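Asker: what follows is a protein structure lacking sequence information:
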């Protein structure tokens, strides 16, 4: 009882400290208004939240909860300078890691202009032990190279070489910048910042092998810095060294087991590398929940949307990226192209010339097909199209020339490159009679249990014309086909398929086949090898076309494709690629054939694409079979 006055005095002092620290407690009505601010904040309605939280801040200037909310809402609401002043005042009295991260995210949300970067550098310098803040700062520099140099030192502070290097980086004169960095490294070979910026510049110039070697040196000398692991793994991914990148992510996760952002990035990247787009989308969203404005995550997620033909979602993603990082030329190129694909009409005009001849397989025709198609994206990721074909057939017999006009329409929807459905319907008429023919097709493809196993089901009713008699009889084929494709690892693809065809002359054909393909090289130089076996089984032998009962076939093919614009291997870039393909064929009775193809795809700009291909097929014996085919296609948007 003697100590009661002491306890009473301590209680009074504690109450005084609490009141001076937290201010007058909010009454019930103001507490409800603060809850309303939280709701508006979650909805992104900052313009409505700012007047309310400003009034509460004026009434309760010493309440820490109100002050932090005031700073946060002002920052994300665009009043970042006022928010910075509030954050600085709060942090001067001490703040938690979560509160520091909120401050950093507010700065990051404003984009990386020089004034914002100056504040971000000040925050990063004051908290060098906070790797998340350092990562945010570095990302802001990387994705806005024009302003990066003015905010970073790449050598001894104030050294002439450093100032010159920064100037060159600011002007995007990377060769000159590398020269100045070499001077720094000649005097100080282990200068950490100079090595880091050299690695980054080399990666921007697509000299990824040299960049990765420098990152490996940095990781060896500074194994406690997760930033080097993350950046190196990303550059490996840019170079399409995806297996090495995934392995490095695994190593980093073992070394830094408590880094949630690293774990989220590793999951997202590995799903992206394996074209597992459904889980990748979820993984990238989890990554962005931890690092809301990470430009790498935003860019990759937008690429997934674009490759899935989800152009509306692509626009939203890159709008956000460019709002935060307005100097990103790659993101701007993707956004511009996505807007064209989402809002404009596409015209595809071209021609096909096909000339085939065989003395033993009842094949002899010439075909000239001039076509035009019109397509428009509807409802986000659905595409509606109409097409006309003007086909001129030539034969050596009485029907020396026949004109067939075909009109068709289609509707398709893509959810990812591997998940889609298509529907089509068409009509045609010929100059040799008045009979109209109908065409129908349907196709669906989807993952089966896992995205590494795809099932494709299709139905197609089309002409089956290889000679004059088949056209005169209006021979058509209804084909029902199922194919399963398994990708146990990314370079390897194994497929099996079965097709059943019914001809309008009551004949039947069953096809059984299988193939195995291996991607030996990938972007920017693709090299693919494939072996395929197929067995043809006709029910009846028809005199008018090649139907020899059982007809086995084996094929080995090699295809090479090179992308010339190797610095911009992303959807949306202007690109030129050419391809070469050779195929060796061994048919029944050891009849050997050779097939060669050559062509190119030229994405001239966001509105214009040109495609050209030529193919020649012939057998060792000239009477067995030969085929020459050429196609030209010009696609433009308006």
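Answerer: Okay, I see it. All values derive from a computational prediction rather than experimental measurement.

Asker: from residue 527, how far off is residue 573?
Answerer: Relative to residue 527, residue 573 is positioned 21 Å away (C-beta to C-beta, to the nearest Å). Where you see a C-beta, it was placed from the backbone N, CA and C, and this is true even at glycine.

Asker: actually, residue 307.
Answerer: For residue 307, the distance to residue 527 - C-beta to C-beta - is 22 Å.

Asker: how about residue 627?
Answerer: Counting by C-beta to C-beta, the gap from residue 627 to residue 527 is 25 Å.

Asker: please apply the same query to residue 428.
Answerer: As defined by C-beta to C-beta, residue 428 lies at a distance of 40 Å from residue 527.

Asker: low-confidence ranges, the protein, go.
Answerer: Along the chain, segments meeting pLDDT under 70 span 1-24, 42-44, 111-113, 139, 141-172, 380.

Asker: report the central residue of it.
Answerer: residue 303 (2.8 Å; C-alpha atoms, centre = their mean).

Asker: could you find the closest non-adjacent residue to it?
Answerer: Excluding the flanking residues, the one nearest residue 303 by C-beta to C-beta, 6 or more residues apart in numbering is residue 571, at 5.5 Å.

Asker: now do residue 472
Answerer: residue 399 (6.4 Å).

Asker: thinking again about what came up before, okay, residue 428 and residue 527: which has more neighbours?
Answerer: residue 428 (18 against 14; other C-beta atoms under 10 Å).

Asker: ok, and what's touching the helix or strand that one falls within?
Answerer: Counting by DSSP states H and E, the element that carries residue 428 is strand 419-430. Contact with strand 419-430 is made by 277-278, 387, 389, 402-414, 435-447, 463, 471, as judged by C-beta atoms under 8 Å, 6 or more residues apart in numbering.

Asker: re earlier: next, count neighbours for the residue nearest to residue 303.
Answerer: 16.

Asker: give the helix, strand or coil label for it.
Answerer: State at residue 571, reduced to three classes by DSSP: H, G, I helix; E, B strand; the rest coil: coil.

Asker: likewise residue 548?
Answerer: Per three-state DSSP, residue 548 ends up coil.

Asker: tally of neighbours for it?
Answerer: Count around residue 548 with other C-beta under 10 Å applied: 14.

Asker: ok, it to residue 510 distance?
Answerer: On the measure of C-beta to C-beta, residue 548 and residue 510 end up 14 Å apart.

Asker: return the set of buried residues in stretch 252-259.
Answerer: 252, 253, 256, 259 (16 or more other C-beta atoms under 10 Å).

Asker: next one: stretch 69-86
Answerer: Quick answer for stretch 69-86 (16+ other C-beta under 10 Å): 69-77, 79-80, 82-84, 86.

Asker: contacts for it?
Answerer: 34, 37-38, 41, 46-47, 49-50, 53-54, 56-57, 67, 87, 90, 102-103, 106-107, 109-110, 116, 119.

Asker: can you get me the start-to-end distance on it?
Answerer: 10 Å (C-alpha to C-alpha, to the nearest Å).

Asker: show me how far that stretch is from its chain's centre.
Answerer: 34 Å (C-alpha atoms, centre = their mean, to the nearest Å).

Asker: which one of the buried residues of stretch 69-86 is nearest to residue 590?
Answerer: Distance to residue 590 across the buried residues of stretch 69-86 (C-beta to C-beta) is lowest for residue 76, with 73.0 Å.

Asker: which ones are touching the nearest residue to residue 290 once chain neighbours are set aside?
Answerer: Nearest residue to residue 290 in three dimensions, chain neighbours excluded: residue 261, at 4.6 Å (C-beta to C-beta, 6+ apart). Contact analysis of residue 261 by C-beta under 8 Å, 6+ apart lists 132, 135, 287, 290, 291.

Asker: which of these has the most neighbours?
Answerer: Counting by other C-beta under 10 Å, top hit in the contacts of residue 261: residue 287 with 26 neighbours.

Asker: assign that one to helix, strand or coil.
Answerer: helix.

Asker: OK, contacts around the nearest residue to it once chain neighbours are set aside?
Answerer: Nearest non-adjacent residue to residue 287, counting by C-beta to C-beta, 6+ apart: residue 264, 3.9 Å away. Shown in contact with residue 264 (C-beta under 8 Å, 6+ apart): 283, 286, 287, 289, 290.

Asker: try residue 453
Answerer: 447, 484, 485, 486, 487.

Asker: if we can go back for a sec, take the buried residues of stretch 252-259 and write them to JSON lines, including secondary structure.
Answerer: Formatted as JSON lines, the buried residues of stretch 252-259 follow (three-state DSSP):
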{"residue": "252", "secondary structure": "helix"}
{"residue": "253", "secondary structure": "helix"}
{"residue": "256", "secondary structure": "coil"}
{"residue": "259", "secondary structure": "coil"}
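
Asker: name the element residue 209 belongs to?
Answerer: helix 208-221.

Asker: ok, residues contacting that helix?
Answerer: 190, 192, 195-196, 198-200, 202-203, 225, 228-229, 231-232, 235-236, 238-239, 241.

Asker: would you mind checking those for buried ones?
Answerer: Among those, those classed as buried by 16+ other C-beta under 10 Å are 195-196, 198-200, 202-203, 225, 228-229, 231-232, 235-236, 238-239, 241.

Asker: what's the separation between residue 401 and residue 471?
Answerer: 11 Å.

Asker: cool, and residue 104?
Answerer: Distance from residue 104 to residue 471, by C-beta to C-beta: 71 Å.

Asker: what of residue 342?
Answerer: Where residue 471 is concerned, residue 342 sits at a distance of 41 Å (C-beta to C-beta).

Asker: over to residue 412?
Answerer: Relative to residue 471, and taking C-beta to C-beta, residue 412 is found at 29 Å.

Asker: which one's more surrounded, those two?
Answerer: Set residue 412 next to residue 471 and count neighbours by other C-beta under 10 Å: residue 471 wins out with 20 against 17.

Asker: residues near the spatially closest residue to that one that is not a sequence neighbour, how many?
Answerer: Closest residue to residue 471 apart from its sequence neighbours, by C-beta to C-beta, 6+ apart: residue 465 at 5.0 Å. For residue 465, the neighbour count with other C-beta under 10 Å is 24.

Asker: my guess is residue 465 contacts residue 365. True?
Answerer: Yes: in this structure residue 465 lies within contact range of residue 365 using C-beta atoms under 8 Å: 6.7 Å.

Asker: and for the two, which residues touch both?
Answerer: Contacts common to residue 465 and residue 365, judged by C-beta under 8 Å, 6+ apart, are residue 393.
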